[in-house]
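*Asks:* got a structure for you, letters missing:
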């Protein structure tokens, strides 16, 4: 979502490089460019003004640290103020009560129903509580059926709402269902409209009167930009929102919504929807997002993703095989599938520091995920024996594998050669590490 803003911000901040100290004269142009970067990203003009004023005041004030160079000082200040505008710290989900009730509200088409399933999965996996879903959108065709399907696919209980019922009736009846099924966290998927209107707000207020929610989360489309501030204001004035879930942040949104809503409305962003899959929901960490924008990386999120998808027992077994030079194409295929679950190589590269610096060079290379698909296809075309022992790959077998995977024999030859070389190198590295000698380079 922030790729374009990140690229421009880092290009702008380089202008401070080589200065002996920060002064009003040498940061004036930089400040102007930062202002334009934010406005082009569709950040609300009032937020831009607040941010610029804070950065300028801090950069020219006594808070500047004298022990680091001016570029580092200025980047540090910009990072701190970005974190502040984004909310300061991660906001917890209020699930302390039993049952805790969460209302998801928002316009039609922003992804409320999918977000309900994502949030239920998050609550079960991360908070260790039993969630239940209540479909209360009787207006959108198949909304109830969609939530029931998502619940069934992910083993999440769903209240059996009927399209002919009124939302108030559904919510009233679900109270007993929640009690009987020992649901700890209730997620209510409410109806939406194409725009904020009195009829929608009246219905939501009536629902709140039946069962007061502990969380009222606005689900907003990150693609809306400044318009999302108007939408959030409309919902907040009537419903007293407690938080925000931004969806479609994996698209080409310019980032204005995330950088505007917290400062303008005062409600925290609690989650980011990062894809279509039900597992694609991230806790919103302002400091990490600020780090991504300024090309500092987000290694903590990368580590969390790895912990979520990498089985510790499998990882230890892979390390053992590498050390003994027993790593096979079968093991390599498992590693590829794990990378795909984590979002692919290109997705993970975005979390590493300094990627904007080498982005131009990477763009000249074949897309890594596309190359990985070719490798996966070649391994899938091998027999089990061939995966375990590449030495049996004679000319005839190689032609068959290339034909079956839609690649060239030269592609397979290259893969086998690189795999064998990598095995030797990894074996040496693991032995050096185990012996405490350090790596041989």
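*Replies:* It's in. These numbers come from a predicted model, not from an experiment.
*Asks:* Can you identify each of the helices in the stretch 201-350 of the chain by residue range?
*Replies:* For the stretch 201-350 of the chain, the helices defined by DSSP state H, counting those that start in this stretch cover 227-239, 256-265, 286-293, 299-309, 312-323, 329-341, 345-349.
*Asks:* now these as a markdown table including mean pLDDT?
*Replies:* Listed next are the helices of the stretch 201-350 of the chain as a markdown table, based on pLDDT from 0 to 100:
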| stretch | mean pLDDT |
| --- | --- |
| helix 227-239 | 88 |
| helix 256-265 | 79 |
| helix 286-293 | 81 |
| helix 299-309 | 65 |
| helix 312-323 | 71 |
| helix 329-341 | 80 |
| helix 345-349 | 66 |
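*Asks:* In this protein, where is pLDDT below threshold?
*Replies:* The chain contains residues with pLDDT under 70 at 1-4, 15-21, 61-70, 225, 251-255, 295-312, 315, 322, 344-367, 426-441.
*Asks:* and the residue most central in space within it, what is it in contact with?
*Replies:* Centroid-nearest residue in the chain: residue 274, 4.2 Å away (criterion: C-alpha atoms, centre = their mean). Applying C-beta atoms under 8 Å, 6 or more residues apart in numbering, we find residue 274 in contact with 249, 250, 280, 281, 282. For glycine as for every other residue, the C-beta is placed from the backbone atoms N, C-alpha and C.
*Asks:* swap in residue 39?
*Replies:* For residue 39, the contact set (C-beta under 8 Å, 6+ apart) comprises 45, 48.
*Asks:* That one: which element?
*Replies:* Assigned by DSSP states H and E, residue 39 belongs to helix 24-40.
*Asks:* What of residue 385?
*Replies:* helix 384-388.
*Asks:* tell me which residues in that helix are buried?
*Replies:* The neighbour-count check on helix 384-388 (16 or more other C-beta atoms under 10 Å) flags 386, 387 as buried.
*Asks:* The helix or strand where residue 74 lies: what's the following helix or strand?
*Replies:* Using DSSP H and E, residue 74 maps to helix 70-86. For helix 70-86, the following helix or strand on the C-terminal side (DSSP H and E) is strand 100-105.
*Asks:* ok, and what's touching that following strand?
*Replies:* Strand 100-105 has contacts (C-beta under 8 Å, 6+ apart) with 93-95, 112, 115-116, 119, 129, 184-190, 192, 204, 207-208, 211-219, 235, 239, 241, 245.
*Asks:* quick revisit: what's the next secondary structure element after the helix holding residue 39?
*Replies:* Beyond helix 24-40 on the C-terminal side, the first helix or strand identified by DSSP H and E is helix 45-59.
*Asks:* Next, count neighbours for residue 160.
*Replies:* Counted by other C-beta atoms under 10 Å, the residues lying close to residue 160 total 12.
*Asks:* Report the contact partners of it.
*Replies:* If a contact means C-beta under 8 Å, 6+ apart, then residue 160 has residue 148 as its contacts.
*Asks:* what's the distance between it and residue 275?
*Replies:* Using C-beta to C-beta, to the nearest Å, residue 160 is found at 29 Å from residue 275.
*Asks:* now swap in residue 294 and tell me
*Replies:* Distance, residue 294 to residue 275, by C-beta to C-beta: 24 Å.
*Asks:* Next: residue 8.
*Replies:* Residue 8 sits 25 Å away from residue 275, going by C-beta to C-beta.
*Asks:* hang on, the earlier thing: okay, residue 294 and residue 275: which has more neighbours?
*Replies:* Shown here are residue 294 and residue 275; by other C-beta under 10 Å, residue 294 has more neighbours (21 against 17).
*Asks:* Not counting sequence-adjacent ones, nearest residue to the more buried one?
*Replies:* Closest residue in space to residue 294, ignoring its immediate chain neighbours: residue 79 at 5.6 Å, by C-beta to C-beta, 6 or more residues apart in numbering.
*Asks:* The one you found: neighbouring residues, count only.
*Replies:* Residues near residue 79, counting by other C-beta under 10 Å: 16.
*Asks:* can you check the one 4 residues further on too?
*Replies:* Neighbours of residue 83 under the rule other C-beta under 10 Å: 18.
*Asks:* just checking, it touches residue 290?
*Replies:* Yes. Contact criterion C-beta atoms under 8 Å: residue 83 and residue 290 qualify, at 4.7 Å.
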